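Asks: Make a model of this:
(chains A and B)
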There are 2 protein chains.
Amino acid sequence: MTTEYFELTILGTSGGPVEGANCSLLIGQISEQIDSPTTDHVCIDAGTGIKGLNDILNYYNQFKSAKDVKSKFLNTKNYFAESFYPNCPSVAAYHSNPDSIFFPNSLQRYQKQTKGTNLQIADAFMNLHVSSYLITHCHLDHVSGLIVNAPMFYSEVYPHKLRKIYGGKCTMGQLHSSIFNNHVWPDLSEVAKPIIEFCSLDADNRSWVQLNEYMEFQLFPVAHGTIESHSAEPSIYHSSAFLLNMRKSQKKLLVFGDMESDLTSNTFYLQSLWNFISPYFHQLSGMVMECSTKNMPSDRPLYGHLTPHFIISEMLRLQEIIQTYNPELTLKGLNLVITHVKETMTEDDPRISILEQLELLNDKHKLGLVFSIALPGVSYKF
Amino acid sequence: MTTEYFELTILGTSGGPVEGANCSLLIGQISEQIDSPTTDHVCIDAGTGIKGLNDILNYYNQFKSAKDVKSKFLNTKNYFAESFYPNCPSVAAYHSNPDSIFFPNSLQRYQKQTKGTNLQIADAFMNLHVSSYLITHCHLDHVSGLIVNAPMFYSEVYPHKLRKIYGGKCTMGQLHSSIFNNHVWPDLSEVAKPIIEFCSLDADNRSWVQLNEYMEFQLFPVAHGTIESHSAEPSIYHSSAFLLNMRKSQKKLLVFGDMESDLTSNTFYLQSLWNFISPYFHQLSGMVMECSTKNMPSDRPLYGHLTPHFIISEMLRLQEIIQTYNPELTLKGLNLVITHVKETMTEDDPRISILEQLELLNDKHKLGLVFSIALPGVSYKF
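Replies: You can find the predicted model right below:
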């Protein structure tokens, strides 16, 4: 029997305020059979799109072969070194355990197998192999790539296909009424030949939504700050987490959008989610979680985000909860990919200080988590 | 007496569907006194922001000195060659007359004078020297940079300053209600410490709006396609043109957002504008105008955009109208910078075919226009 894995490729990961390379994850399925054909992929958030994909294909050009990738990749400069931070270390320094990085990934294989320029290959990939988007929330750094790219789906070369856009009711309502409203962007869901379909999900409905023949998901609400307004009472702004499930192997991957800890939101969203996941904990291959900034003085507002301190607090709660199901269980070896780090106007990449703070707390509490800080172009096999 | 000029720097110019480097122009004033201090700049549209500026500063790094720029710049590869089109020619090939390119520009001087990384320099420039934005219309490829960058204006290093965002009533209404609505983005105009102010302009009001001590502008409405909807009659989608005026020298620069010809919109917006500009024609230093695609078969929809054919049709009308004021006048020598070319999935940059088609028609009708196809990082002195 073939074992299947999630393949998670980072298209974009920046939490702003710099635009470009903002949050976008590409997730497919790979099997042990390394040369299997390209399967249907899903995008979680779309802060970047074809430009992010094209940049990655350009980046791969420096590696001549799979063997070359394997030997050189970890020592190369990453996207942020080239763009923003002259003092960036090489790719390896962003990972507790560089062995968790998987290469060559299917994108690179696709590039080798496909003719044309990298932009043509990116276009082919997005048109042929990405048929659904899961949107965690409507903030522009999570949707701008999908919006600007959408006209590309009216391809002269590739068959017309309807993209399904999944998200919570509020997120889908806002995306339709605020963005695809014929003013900010044409409403491409209500034209003669639509290319997108908004699929609103009820956050309380605990049943699996099928994405393709091998993957399904559920949506969970999380808190992401409050909406302050002169004219109304402050209210919670909601974001989402998506729990992906491999239908055959039952492997699971939990991907969070921007969010804050229950400790700052005064809600029970994460506690509910930790309770839900506990019986399946042995099936959980990894989590993707935001960490916008390094630890801050407690009087500094976080605007609905996490810091290393709050990530570790939530992990301690998760460990406590899984142990009520099985006292033997620990988080040891669980992969945690950190995304949405906000750029700072400094010489050094804030990702490195965040990793250091996470490792320090990880050691202190003997959690044994395996941290990776997401970088565009890096793939993980979970 | 010192002569003053507009300095127009292209931050971004792509008409999509690829995201990043979308339409954004930076406009300042320069005088003959080449080492004059950096003055207050205005951004027309903001499809890219600090990332575009940072990319340009990174690009300038290949030139060691002003002399080096002058000798090498025209022969270097441009942004699109590096990113999308392997067969791109060098910068010179995008200009009818490469002498119209001005360098070194003030951005490059700013880089040489300012300490820090390029991201820090871009941050300083945007915080200290850009205090107003003119937005032609609300399509996301013209505003996404401003939105994602906005939190950067809460700088820890630079003094807090309110940015004025100018545009037509409908554009400002949509930007506020659809984008800065606390769902797509926080409403940063209605918080305790606002950083943006929406300044709605009446498109019929023919009076100058002062931007800074040396520059003022007027807004003119233009047509940019129609809004089709199942539930309502088709209606015109409006974009804008901004006529900039140097208060001292009365030099003028006309910058258009996306738009179509009166011939396809069945309106008189451009005819009115050509009539307005005619008495001031001798003060007009240049125009920035979109050309989204090369000429298309007449049955192909243009979705409210221009092609070389329609640009030349409008220029012939402009020439006819200025000649009713003064039969001696022609368009000969007028600078026309072309922006908003849509990316194509080809080996060759569509900008080159568009320039060829424009030149052919320019010659055929003996117009004598001086065409430049906008490229990120290129500056013009008008």
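
Asks: that's a strand at residue A:338, yeah?
Replies: Yes: according to DSSP: H, G, I helix; E, B strand; the rest coil, residue A:338 belongs to a strand.

Asks: any idea how far the residue of the stretch 251-382 of chain A found nearest chain B lies from residue A:20?
Replies: Closest approach between the stretch 251-382 of chain A and chain B, counting by CB to the nearest CB: residue A:345, at 4.8 Å. C-beta coordinates here come from the backbone N, C-alpha and C atoms, glycine included. Distance, residue A:345 to residue A:20, by CB to CB, to the nearest Å: 16 Å.

Asks: Make sure residue A:93 is actually in contact with residue A:351.
Replies: No: counting by CB atoms under 8 Å, residue A:93 does not reach residue A:351; the two are 9.1 Å apart.

Asks: And those two? Which one has more around it.
Replies: Between residue A:93 and residue A:351, counting by other CB atoms under 10 Å in any protein chain shown, residue A:351 is the more crowded of the two (27 against 16).

Asks: More neighbours: which of residue A:345 and residue A:20?
Replies: Taking neighbours as other CB under 10 Å, residue A:345 and residue A:20 compare with residue A:20 leading, 31 against 22.

Asks: Give me the secondary structure label for the more buried one.
Replies: Strictly by three-state DSSP, residue A:20 counts as coil.

Asks: and it, what is it in contact with?
Replies: A:12, A:14, A:48, A:51, B:19-20, B:48, B:51 (CB atoms under 8 Å, 6 or more residues apart in numbering or on different chains).

Asks: Save these as a markdown table, and put in secondary structure and pLDDT too.
Replies: Shown next, in a markdown table, are the contacts of residue A:20 (DSSP: H, G, I helix; E, B strand; the rest coil; pLDDT from 0 to 100):
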| residue | secondary structure | pLDDT |
| --- | --- | --- |
| A:12 | strand | 98 |
| A:14 | strand | 98 |
| A:48 | coil | 98 |
| A:51 | helix | 97 |
| B:19 | coil | 97 |
| B:20 | coil | 95 |
| B:48 | coil | 98 |
| B:51 | helix | 97 |
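
Asks: how about those residues in a markdown table, adding distance to residue A:63?
Replies: Shown next, in a markdown table, are the contacts of residue A:20 (distance: CB to CB, whole Å):
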| residue | distance to residue A:63 |
| --- | --- |
| A:12 | 20 |
| A:14 | 23 |
| A:48 | 21 |
| A:51 | 21 |
| B:19 | 25 |
| B:20 | 23 |
| B:48 | 29 |
| B:51 | 25 |
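
Asks: just checking, next helix/strand downstream of the least confident helix or strand in chain A by mean pLDDT?
Replies: When the helices and strands of chain A are scored by mean pLDDT, DSSP states H and E, helix A:66-72 comes last with a mean of 77. As assigned by DSSP states H and E, the chain's next helix or strand after helix A:66-72 is helix A:79-83.

Asks: pLDDT of that next one, averaged?
Replies: Regarding helix A:79-83, the rounded mean pLDDT is 90.

Asks: Alpha carbons only: can I get that helix in PDB?
Replies: Extracted C-alpha coordinates of helix A:79-83, given in PDB (Å, rounded to 0.1, in the frame of the first residue of the first chain):
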ATOM      1  CA  TYR A  79      13.400  35.500  -0.700                       C
ATOM      2  CA  PHE A  80      13.700  37.900   2.200                       C
ATOM      3  CA  ALA A  81      17.500  38.100   2.000                       C
ATOM      4  CA  GLU A  82      17.200  39.100  -1.600                       C
ATOM      5  CA  SER A  83      14.400  41.600  -1.000                       C
END
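
Asks: Show the subsequent helix or strand relative to it.
Replies: Using DSSP H and E, the first helix or strand after helix A:79-83 is helix A:106-113.

Asks: Mind giving me the packing neighbours of that following helix?
Replies: The contact analysis (3 or more CB pairs under 8 Å, 6 or more residues apart in numbering or on different chains; DSSP states H and E) places helix A:106-113 against strand A:4-12, strand A:24-31, helix A:50-60, helix A:118-129.

Asks: for residue A:270, helix, strand, or coil?
Replies: Applying three-state DSSP: residue A:270 is helix.
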